[in-house]
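K.L.:
sequence plus the predicted model coming up.
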Amino acid sequence: MYRALIMKIANPYIGHGTLQFKCIQILQLGLLDIMTNTLEVSRIKTMKFTQYELYDLINHPGPLWLAYVDLSDANLRGVNLHGAILRGANLSGALLNNAILSEANLNDASLRMAVLVEADLGKSTMIGTDLNGADLSSANLSGANLGGAKLREAKLSEANLRETNLRGANLTNASLHGANFNGANLGGADLTNAKLTESNLRDAKMIKVNLSGADLRNSVFTDADLSKSILIGANFSKSNLGGVDLSEAKLSRADLSEADLRKVNLTGADLRNAFLYLADLRNVNLSGANLFDADLGKVQYDKSTVWPEGFDPQAVGAVLAK
């Protein structure tokens, strides 16, 4: 990583003006030890760019090494930072609308309250990145690695998160209306009280995810894996959950009214006080499930539906489909 900076200093084509001076200043201040390849990070963190240096930055060709720099509240609309090294950088409050950050390294960076509307973050690395309160509406995050990222109250409506890694990420109270999570990995992520209405979660890996209190109405979960997930009080009304694995899931007080649950695996699931009015339970496996006080009024089931031992579906208002 530090060798890349040395190469830029030695290369006469690295740019011009104050940005080049900034890189040279890092050497002159003794912040970079060429022999040991080490960097005094604590002092780099205090190095803030002026508006003239930002102009050089925006017009500078090629990938940039900007680890730990302070770009807080900077206006970087439309900037091309493809492949840039921004590890540990402070971009809190920065304006990055339509910015290109594809394949950039943003590990442990702070983008708290940053605006990244329609930004391209495809295949970027954001492990442990702070995106709390950030606006990523309509942003491209496909193939990005956001393992353990902090996204509390972040705005991700209509965002592209196809095949994105969000394992262990914190998305509590996040707005995700219409987001595309096709094939994404959300294992162990916390989406408590998140809003995911009309979202696409086909083939998503969501083992042990926490969606308690989340609003998931009219969403598509076809063939997703939500086994052992916590879905207490979640709203799945009118959603398509065909073929989903919900084995051992905690669904107490969940709203599954009018949901398509055909071929769903609900073995060992906790459905106490769940609301399943008018849900489609054809070819569903409910063996070992807890249906205590669940509302099964007018749900459809067929001969392939497997009920818990001794359970009488017609006694609770379920209807056998012809």
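P.N.:
Alright, I've got the coordinates.

K.L.:
phi, psi for residue 314 please.
P.N.:
When read as degrees, to the nearest 10, the backbone of residue 314 gives phi -70, psi -30.

K.L.:
my read: it touches residue 307, true?
P.N.:
No. Assessed by C-beta atoms under 8 Å, residue 314 is found out of contact with residue 307, at 10.5 Å. To be clear about C-beta, it is placed using only N, CA and C from the backbone, and glycine gets the same treatment.

K.L.:
looking at the two, which is more packed in?
P.N.:
Higher neighbour count among residue 314 and residue 307: residue 307, with 17 against 10, using other C-beta atoms under 10 Å.

K.L.:
now that one: closest residue in space, sequence neighbours ignored.
P.N.:
Spatial nearest neighbour of residue 307, excluding adjacent residues (C-beta to C-beta, 6 or more residues apart in numbering): residue 286 at 5.4 Å.

K.L.:
so how far is residue 295 from that neighbour?
P.N.:
Going from residue 286 to residue 295 by C-beta to C-beta, to the nearest Å gives 15 Å.

K.L.:
where do the helices sit along this protein?
P.N.:
2-10, 17-28, 41-44, 51-58 (DSSP state H).

K.L.:
tell me which of residue 286 and residue 295 has more neighbours.
P.N.:
Taking neighbours as other C-beta under 10 Å, residue 286 and residue 295 compare with residue 286 leading, 23 against 19.

K.L.:
wait, the more buried one touches residue 309, no?
P.N.:
No. Counting by C-beta under 8 Å, residue 286 does not reach residue 309; the two are 10.3 Å apart.

K.L.:
list the contacts for the residue of the chain positioned farthest from its centre?
P.N.:
Computed with C-alpha atoms, centre = their mean, the residue of the chain farthest from its C-alpha average is residue 315, at 42.3 Å. For residue 315, no contacting residues are found, by C-beta atoms under 8 Å, 6 or more residues apart in numbering.

K.L.:
ok, now how distant is residue 121 from residue 105?
P.N.:
Residue 121 is 11 Å from residue 105, by C-beta to C-beta.

K.L.:
what is the burial count for residue 209?
P.N.:
Residue 209 has 28 nearby residues by other C-beta under 10 Å.

K.L.:
show me the contacts for it.
P.N.:
186, 187, 188, 189, 190, 191, 226, 229, 230.

K.L.:
so what's it scoring on pLDDT?
P.N.:
Residue 209 carries a pLDDT score of 98 in this model.

K.L.:
before we move on, what about residue 294?
P.N.:
Looking at residue 294, the pLDDT reads 98.

K.L.:
how near is the closest residue to residue 311 other than its chain neighbours to residue 280?
P.N.:
Leaving aside its sequence neighbours, residue 311 sits nearest to residue 291 (C-beta to C-beta, 6+ apart; 6.5 Å). Applying C-beta to C-beta, the value for residue 291 to residue 280 is 16 Å.

K.L.:
repeat for residue 195
P.N.:
With distances taken as C-beta to C-beta, residue 195 is found 24 Å from residue 280.

K.L.:
and for residue 230?
P.N.:
For residue 230 relative to residue 280 (C-beta to C-beta), the value is 24 Å.

K.L.:
still on that earlier bit, now, among the contacts of residue 209, which is nearest to residue 177?
P.N.:
residue 191 (13.0 Å; C-beta to C-beta).

K.L.:
so what's that closest one up against?
P.N.:
Applying C-beta under 8 Å, 6+ apart, the residues near residue 191 are 171, 172, 174, 176, 209, 210, 211, 214.

K.L.:
for this structure, name the helix or strand with the lowest mean pLDDT.
P.N.:
Across the helices and strands of the chain, the lowest-confidence element by mean pLDDT, DSSP states H and E is helix 2-10, at a mean of 33.

K.L.:
pLDDT score assigned to the residue lying closest to residue 224 once chain neighbours are set aside?
P.N.:
Among residues not flanking residue 224 along the chain, residue 204 sits closest, at 4.5 Å (C-beta to C-beta, 6+ apart). Note on residue 204: pLDDT of 98.

K.L.:
what's the burial count for residue 204?
P.N.:
A count of nearby residues for residue 204, using other C-beta under 10 Å, gives 28.

K.L.:
check residue 158 too.
P.N.:
17.

K.L.:
that one is in contact with residue 138, isn't it?
P.N.:
Yes. If you go by C-beta under 8 Å, residue 158 and residue 138 touch, sitting 4.6 Å apart.

K.L.:
low-confidence stretches in the stretch 201-322 of the chain?
P.N.:
Judged against pLDDT under 70, the stretch 201-322 of the chain has no low-scoring part.

K.L.:
all strands for it, in order.
P.N.:
Under the criterion DSSP state E, counting those that start in this stretch, the stretch 201-322 of the chain contains strands at 300-301, 319-320.

K.L.:
looking at those strands, which is buried most?
P.N.:
Most buried of those by mean neighbour count (mean count of other C-beta atoms under 10 Å) is strand 300-301; its value is a mean of 20.

K.L.:
what packs against that one?
P.N.:
Under the contact criterion of 3 or more C-beta pairs under 8 Å, 6 or more residues apart in numbering; DSSP states H and E, strand 300-301 touches strand 319-320.
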